[in-house]
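Chemist: Following is a predicted model, sequence given first.
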Amino acid sequence: MEQRVNIKFCFKLGRTATETHEMLVKVDAVSKKCVFEWFKRFRYRKEGVKDEPRSGRPPTSTTPDNIERVRRMLVDIRRLSLRMIAEELKISLDSVSNIIHEHLQKRK
């Protein structure tokens, strides 16, 4: 986010994308492609520096509903494996592990 703000600042000052990249690469590792993409956005009046919302799968499967479903499955059948829970709920093994350890405070 900080790099985007710096890129926007240089854009507003009238610097070119190449000049901006040369300045930023001295203090931070930012790719030339990234600088040029943000310049294009600012040129077309997209003032915000945050990412635009993306369609598709939500960023996490750790929803209150899934946490409750995992909790109920563990109460009903204590010997379930992480893989079995993940397959049943159609969420990743990492999400199941996160729910069990971080949200339910259980050890498996």
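Modeler: The structure has been received and is ready for your questions. Given the structure is predicted, the values throughout are model-derived calculations rather than measurements.

Chemist: going forward, measure contacts and count neighbours with C-alpha atoms only.
Modeler: Will do.

Chemist: for the chain, what spans make up the strands?
Modeler: Under the criterion DSSP state E, the chain carries no strands.

Chemist: quick one: low-confidence parts of it?
Modeler: Applying pLDDT under 70 to the chain picks out residues 1, 28-29, 46-60, 108.

Chemist: And the helices in it?
Modeler: 2-13, 17-27, 32-43, 64-76, 82-89, 93-98 (DSSP state H).

Chemist: which of the residues in the shortest one are buried?
Modeler: So that's helix 93-98. Neighbour counts using 16 or more other CA atoms under 10 Å place Leu93, Ser95, Val96, Ser97, Asn98 of helix 93-98 among the buried residues.

Chemist: In contact with the first one: list those residues for me.
Modeler: Shown here is Leu93, whose contacts under the criterion CA atoms under 8 Å, 6 or more residues apart in numbering are Leu82, Arg83, Ala86.

Chemist: Which one of those is nearest to Pro64?
Modeler: Of all the contacts of Leu93, Ala86 has the smallest distance to Pro64: 15.6 Å, by CA to CA.

Chemist: quick one: that closest one and Ser92 touch, right?
Modeler: Yes: contact criterion CA atoms under 8 Å: Ala86 and Ser92 qualify, at 5.7 Å.

Chemist: contacting residues for the residue nearest to Leu24 when sequence neighbours are not counted?
Modeler: Leaving aside its sequence neighbours, Leu24 sits nearest to Val30 (CA to CA, 6 or more residues apart in numbering; 6.7 Å). By CA under 8 Å, 6+ apart, Val30 lies in contact with Gln3, His21, Leu24.

Chemist: Closest to Glu68 out of the residues you listed?
Modeler: Nearest to Glu68 among those, counting by CA to CA, is Gln3 at 39.2 Å.

Chemist: Run a quick neighbour tally on the closest one.
Modeler: Residues near Gln3, counting by other CA atoms under 10 Å, number 16.

Chemist: just Asp76 next, same as before
Modeler: Residues near Asp76, counting by other CA under 10 Å: 10.

Chemist: same thing with the one 5 residues further on?
Modeler: The tally of other residues near Ser81 (other CA under 10 Å) stands at 13.

Chemist: try Val27
Modeler: Neighbour number of Val27 under other CA under 10 Å is 8.
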